[in-house]
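Student: Provided below for reference: sequence and predicted model.
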Protein chains: 4
Amino acid sequence: MKPLTPNLNKWSDKTSEHRARMLISCPDQPGIVATVSKFLHQHEANIVQSDQYTMDPEGGMFFIRIEFDLPNLESKLESLEKDFANVADEFQMNWRISLAHKKQKLAIFVSKEDHCLLELLWQWQAGDLYADIEMVVSNHSDMRELVESFGIPYYHIPVTADKKAEAEAKHLEVTAGKVDTIILARYMQIISPKFLQFFKNRMINIHHSFLPAFVGGKPYTQAFNRGVKIIGATAHYVTEELDGGPIIEQDVQRVSHRDSVHELKRIGRHIERIVLARAVSWHVEDRILVHENKTVVFN
Amino acid sequence: MKPLTPNLNKWSDKTSEHRARMLISCPDQPGIVATVSKFLHQHEANIVQSDQYTMDPEGGMFFIRIEFDLPNLESKLESLEKDFANVADEFQMNWRISLAHKKQKLAIFVSKEDHCLLELLWQWQAGDLYADIEMVVSNHSDMRELVESFGIPYYHIPVTADKKAEAEAKHLEVTAGKVDTIILARYMQIISPKFLQFFKNRMINIHHSFLPAFVGGKPYTQAFNRGVKIIGATAHYVTEELDGGPIIEQDVQRVSHRDSVHELKRIGRHIERIVLARAVSWHVEDRILVHENKTVVFN
Amino acid sequence: MKPLTPNLNKWSDKTSEHRARMLISCPDQPGIVATVSKFLHQHEANIVQSDQYTMDPEGGMFFIRIEFDLPNLESKLESLEKDFANVADEFQMNWRISLAHKKQKLAIFVSKEDHCLLELLWQWQAGDLYADIEMVVSNHSDMRELVESFGIPYYHIPVTADKKAEAEAKHLEVTAGKVDTIILARYMQIISPKFLQFFKNRMINIHHSFLPAFVGGKPYTQAFNRGVKIIGATAHYVTEELDGGPIIEQDVQRVSHRDSVHELKRIGRHIERIVLARAVSWHVEDRILVHENKTVVFN
Amino acid sequence: MKPLTPNLNKWSDKTSEHRARMLISCPDQPGIVATVSKFLHQHEANIVQSDQYTMDPEGGMFFIRIEFDLPNLESKLESLEKDFANVADEFQMNWRISLAHKKQKLAIFVSKEDHCLLELLWQWQAGDLYADIEMVVSNHSDMRELVESFGIPYYHIPVTADKKAEAEAKHLEVTAGKVDTIILARYMQIISPKFLQFFKNRMINIHHSFLPAFVGGKPYTQAFNRGVKIIGATAHYVTEELDGGPIIEQDVQRVSHRDSVHELKRIGRHIERIVLARAVSWHVEDRILVHENKTVVFN
């Protein structure tokens, strides 16, 4: 199949050159919204969407995501950020501004199961995933042809017990500074703490169970043995604690006693690809704020 | 059963005496959020929650719902509203401010099916419905004992072909100026345009189908005959067009060829009570804005 | 409220005097269905519904549930069972026949939360639960008035650390031989192994989490702390392993970062009552077969 | 991408050479199950799965689907069918037996939207769709390269106002007698009654709404204008009545006021591909019986 160019017309104003997204988290206090919205108004930006959440009105954390339009945004961004730094200091804000039309660069890591990778490739090709898939990295060579048929580079980096350090060095070499986010699309290798620190809150994994049920290996077999009536999948940011990172999204489907482990896997594959694709699209649209071990998702 | 006093502790700060809700709809233009949030900040109100939506950034309608805290709110409300009127004029706002702790007064209309009424009574008693049920009105006498056991007045107002005008006059007499909102909890009589005008966007009906499928009578029989695989229910504001008013909430449940009309009704009763209860709670928490034939629900 | 007599018209032929249910589990082998259906046909019974399931065609367990109609069933039951015993022996069957119109007798155990109890009472009163609620047992006295208003006896049996044995003796005294099934409708006391053995596969509990996630206490707080995006509830038969018995039914609902522990509880109460009510109705309609730690649910 | 051979290992015994499926519909009367199961037992077939449904015990229609294993099935099929014809006559049965390992041949018709086609191709490639995709037929040439990359023939048959008859003749020429079932995977042309009669109950369409809501054109625009809170898709057998054929499967997803028509389409594409894929897999596994304008789905 000849690589198709994703049709991005559909995004229209959501990813226009004038659109930016501002994400802020800070301790709550009176006047934040007033100050920020006045700041934007004075800089001639028009707020088109705003979502906020306060963990607890009495002294909790405050989170806000603002989409605004500002003509000639790119040329004004630097001074806008410089000016805002003063506001941010006053409120002890953790913040960033990103340009909506600027696509995130993704690396997808995969092992032998292709369904999550295929869903991302397909959504990308359909223009539903507003991002650049820079590369696919795998510890196997099985999917090279498929991936290259989409015009995407494929790095086969074997991971064996005695060459872990070497593999990790290669992972860093191909990704660090070259991609914004890493997607573990059923990548069945442990990520080292060292590699992780380069992609804190920028590495998304799909776990094939409804976490925290069935952590660890073979979750569908565990689910079958326990006789659950609903199975699920969980997309989360990767942290040092295995299957313990901040949950981004989960979904489930009903099963019954008739479903064998094989059938659970088949149903599960479907949930996994949906859940991972949702999590990735929220991530690249800057809809997720992480606080301690939880996510605030403005979707 | 002795009438129980609903336990409202659980609402805590959400319905504190200092909390107000401001609802605004107006044509979109730059600076609305900045102006409103500055206004509130200058009046020493602290925004704790804010949701907004713009129909179309280029010249559409703008909707916002703000929850704010302001000490000694009740005594300051009048001057706050007076001051805000100037802001509102400038932006051609349709707006209102309501006190979170002030409960709406409800009248529930019911015919012979009791499940929707019971769900509301039960949620009210459990303290999950923050409102006062002022009365139940019915064209039948069947539920008098049940309703009075909750300590709620029951008006039996028969509706017969030749006494429609008389019934309507009584409806107006008991409700107009005495309740804020009317809930049609499977009330099987047509509401006259005259009565409606007193309760525009303040009368909620539950329709026992997934509108716009199966408008009109006997929707479960219609659904059975069409062989659908999912049935639903719809809560909507009542307008002159039968089953055509702005939809507030819908929900569905899967059915199969095994389900008889009786079974569809049983499943449907469950969906109906959930959907109606959700719609009512959003309404009394001022989470719904109506624009033309649609609702904006900030939940 | 005057106790209402449940309207059971709606059950019609499903619970007619001629309808019986036959449940069989046995090692699979060729000819079971042929033998059983021939037996029933020769005894002039007409099969109106049949569900079967084989765990693994090669030497697994076979489960079947048959509904059949047989005129003058009650008078013929004894000889039918006697005749069938020979068939059953041949196939090493674990089996039973129950009369559809004969209602199971239930005891409901409850502590301080009333939502699950209320749902069962209400479904019973609406005629949707085909069973007799013989009694409500509680370690508190809070719900006496409510329960007695339905015309149902209420046993207040306090459970304190030093009087466990005494309480248990009373539990046995009021239930053993007097009810078929015990429903733990948010009964927050541990059931002793001794009491359990009287009600093996006849005691149903509702756990307020999506098991096996969040076993043990305070599951909603656990769910909040873990930041899950979906919460659930689980109905299961009670075994000696806490929260570890065969799962009958589960359901879930989506939540978000906005939902506090209080809000999770509110949403959860709703799931709990639905899930428990479903499990109970399947149980009393003989739709559940238990095999080791799993259920086969023919619904 | 080099065409991959679907991995069908996973189907194992479900599609073994010894497995057959028997589908029967007939007027209900006592003894059907006994007769059929005795017949199969006498012919040394072992029933591994059986589902039945009676529309109404008193004189309704009876439907049964039986999976059985019979060694050397293929060589015995003819005599088995001949013998069964006598049984079938006695009970006025409409029946068929099909071999589980024999794949159905499919033709997929498509216009310009590729998501439903892609889902089927992908499930086929993943081995989840047990069928042969013999060809893709389109009134456009857009998807030729994609389809041929899977090693599947592509027929571009333009349909213009003045050449309808010619197009139809070509459709018949390429499909009649060559495929078992036609899938309309967002094929936006009306099917003529003449073509239909060749594929009665063997032509499946996906309609992009929750039928019977929003029949006809532009259902997502209709849904947007009506302000519904849930959208859906419907797979149905094609009949002469547009959007009126027997419904096989439906599914839905929640939407909100925030979702534009474009967003509804994006969400809808996802529901459409799931629903169509489910309907196709039930069809090729002989899980669907059609009676008048309804389906009985044993899944």
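Tutor: Right, received. Where do you want to start?
Student: does the worst-scoring helix or strand of chain A on mean pLDDT reach chain C?
Tutor: Sorted by mean pLDDT, DSSP states H and E, the helices and strands of chain A end with strand A:46-54, the least confident at a mean of 89. Yes. Strand A:46-54 comes into contact with chain C (Cβ under 8 Å from any Cβ of the partner chain), by way of A:Y53. Glycine gets a C-beta too; all of them are placed from N, C-alpha and C.
Student: going along the chain, name the helices of the stretch 101-250 of chain A.
Tutor: A:115-125, A:144-149, A:164-175, A:193-198, A:219-226 (DSSP state H, counting those that start in this stretch).
Student: buried stuff in the third one?
Tutor: Along helix A:164-175, these residues count as buried under the neighbour rule (16 or more other Cβ atoms under 10 Å in any protein chain shown): A:167-168, A:170-171, A:175.
Student: quick one, which of the helices of the stretch 101-250 of chain A is nearest to chain B?
Tutor: Chain B lies closest, by Cβ to the nearest Cβ, to one member of these: helix A:219-226, at 21.1 Å.
Student: what about that closest one and chain C, touching?
Tutor: Yes. Using Cβ under 8 Å from any Cβ, helix A:219-226 reaches chain C at A:R226.
Student: need the residues that contact that helix.
Tutor: Residues outside helix A:219-226 that contact it (Cβ atoms under 8 Å, 6 or more residues apart in numbering or on different chains): A:207-209, A:213-214, A:216, A:231, A:259-261, A:264-265, A:268, C:211-212, C:247, C:293.
Student: may I have the least confident helix or strand of chain A as PDB, with CA atoms only?
Tutor: This file holds the C-alpha atoms of strand A:46-54, laid out as PDB (Å, rounded to 0.1, in the frame of the first residue of the first chain):
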ATOM      1  CA  ASN A  46      -9.500  35.400  22.600                       C
ATOM      2  CA  ILE A  47     -10.400  32.500  24.900                       C
ATOM      3  CA  VAL A  48     -12.400  29.900  23.000                       C
ATOM      4  CA  GLN A  49     -12.400  27.100  25.500                       C
ATOM      5  CA  SER A  50     -11.600  26.800  29.100                       C
ATOM      6  CA  ASP A  51     -11.800  24.000  31.600                       C
ATOM      7  CA  GLN A  52     -10.800  24.100  35.200                       C
ATOM      8  CA  TYR A  53     -10.800  22.000  38.300                       C
ATOM      9  CA  THR A  54     -10.000  22.600  41.900                       C
END
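Student: shouldn't A:I32 be in contact with A:M61?
Tutor: No. With contact defined as Cβ atoms under 8 Å, A:I32 does not count as touching A:M61 (11.3 Å).
Student: overlap of the contact sets of those two?
Tutor: Each of A:C26 lies in contact with both A:I32 and A:M61 under the rule Cβ under 8 Å, 6+ apart.
Student: have a look at the two and say which one is more surrounded.
Tutor: Between A:I32 and A:M61, counted using other Cβ atoms under 10 Å in any protein chain shown, the more crowded position is A:I32 (24 against 17).
Student: quick one, phi psi at the more buried one?
Tutor: Backbone dihedrals for A:I32, given as degrees, to the nearest 10, come out at phi -60, psi -50.
Student: the contacts of helix A:219-226 in strands, which ones?
Tutor: Among the contacts of helix A:219-226, the ones falling in strands (DSSP state E) are A:207, A:231, C:247.
Student: for the stretch 1-150 of chain A, which spans come out with low pLDDT?
Tutor: Residues of the stretch 1-150 of chain A meeting the criterion pLDDT under 70: A:1-12, A:57-59.
Student: let's see it at 50
Tutor: Scanning the stretch 1-150 of chain A for pLDDT under 50 picks out the ranges A:1-2.
Student: around chain C, pick out the residues from it.
Tutor: Contacts of the stretch 1-150 of chain A with chain C, taken as Cβ under 8 Å from any Cβ, map to A:Y53.
Student: ranges for the strands of the stretch 1-150 of chain A?
Tutor: Remark: strands assigned in the stretch 1-150 of chain A by DSSP state E, counting those that start in this stretch are A:19-27, A:46-54, A:61-69, A:94-99, A:104-110, A:131-138.
Student: could you dump the ones you listed to a markdown table with distance to chain B?
Tutor: Output for these, formatted as a markdown table (distance: least, Cβ to the nearest Cβ, whole Å):
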| stretch | distance to chain B |
| --- | --- |
| strand A:19-27 | 9 |
| strand A:46-54 | 4 |
| strand A:61-69 | 7 |
| strand A:94-99 | 16 |
| strand A:104-110 | 23 |
| strand A:131-138 | 23 |
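Student: A:E67: what's it in contact with?
Tutor: With contact taken as Cβ under 8 Å, 6+ apart, A:E67 is in contact with A:19-22, A:47-50, A:100.
Student: farthest pair within these?
Tutor: Largest separation among the contacts of A:E67 by Cβ to Cβ: A:S50 and A:A100, giving 14.5 Å.
Student: measure A:Y237 to A:G244 for me?
Tutor: 10 Å (Cβ to Cβ, to the nearest Å).
Student: these two - which one has more neighbours?
Tutor: Between A:Y237 and A:G244, counted using other Cβ under 10 Å, the more crowded position is A:Y237 (22 against 15).
Student: give the burial count for A:I133, as a bare number.
Tutor: A:I133 has 25 neighbours, counted by other Cβ under 10 Å.
Student: closest to B:E74 among the ones in strands among the contacts of helix A:219-226?
Tutor: Nearest to B:E74 out of the ones in strands among the contacts of helix A:219-226 is A:H207 (Cβ to Cβ; 50.3 Å).
Student: wait, the closest one sits on A:A233?
Tutor: Yes. The pair A:H207 / A:A233 is scored as a contact, 6.7 Å apart, by Cβ under 8 Å.
Student: can you list the domains in chain A?
Tutor: Per the record, chain A has its domains at A:17-99, A:104-297, by automatic domain parsing.
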